[in-house]
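Novice: just a sequence and a predicted model for now, questions to come.
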Amino acid sequence: AGGAGGGTGRLRRLPRLALAASVASALALGGVAAWQYERARDARQLAEQARQRADELTRLLAAPDARLAAGELPGGGNATVVVSRSRDRAAFLASRLPEPPAGKVYQLWFDDDGAMRPAGVVEASDGRAAVVMDGPVAGADGMGVTVEPEGGSAQPTSEPLAVMEFPAA
């Protein structure tokens, strides 16, 4: 009689263990689904931001008053700045841009009669960059590029690698 009761107890525990395993599996699968949803949402947001930046750059380049100025960067790179006074915007384009030192970024600046105003950081890919500069062109007669700590700086902390005058209107 004692042996039969022990077997019955094991049989009763089996459904509970199966239920617990099923719940754990469902929770794990739910967690994976939520993680995948988050990743997909983040990817959609990044794609939308990239599309908006590309659209903004296209509108700037297509502006009837868009003017270009070109220059050289240290290490053999080339830089071009595109300015549209009617859109009050500028873009910085670069090729053969060397990788910045570890923990550093390239930062753009508007030159307002010698006073430097932050205009964003450059995110290069394979030595190429195309960045619509942050902020209005109004008041600026040129721009500069410096190497700054990751995340950028409020004021330049290094000598400019390049300074370019904006093209005449």
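Specialist: Sure, I can see it. Residues are numbered from 1 along each chain as shown.
Novice: poorly predicted segments of the chain, please.
Specialist: The model of the chain has pLDDT under 70 over residues 1-19, 42, 169.
Novice: could you rerun that using 80?
Specialist: Where the chain drops to pLDDT under 80, the residues are 1-54, 169.
Novice: quick one, helices of it?
Specialist: Secondary structure of the chain (DSSP state H): helices at 2-61.
Novice: the residue positioned nearest the centre of it and Ala33, how far apart?
Specialist: Centroid-nearest residue in the chain, with Cα atoms, centre = their mean: Glu123, separated by 6.6 Å. Using Cβ to Cβ, to the nearest Å, one gets 32 Å for the distance from Glu123 to Ala33. The way it works is simple: take the backbone N, C-alpha and C, and place the C-beta from them, glycine included.
Novice: equivalent analysis for Arg53, please.
Specialist: For Arg53, the distance to Ala33 - Cβ to Cβ - is 31 Å.
Novice: what of Gly71?
Specialist: Using Cβ to Cβ, we find Gly71 at a distance of 51 Å from Ala33.
Novice: neighbour count for these two, which is higher?
Specialist: Gly71 (15 against 10; other Cβ atoms under 10 Å).
Novice: ok, now how distant is that one from Ala43?
Specialist: Taking Cβ to Cβ, one finds Gly71 at 36 Å from Ala43.
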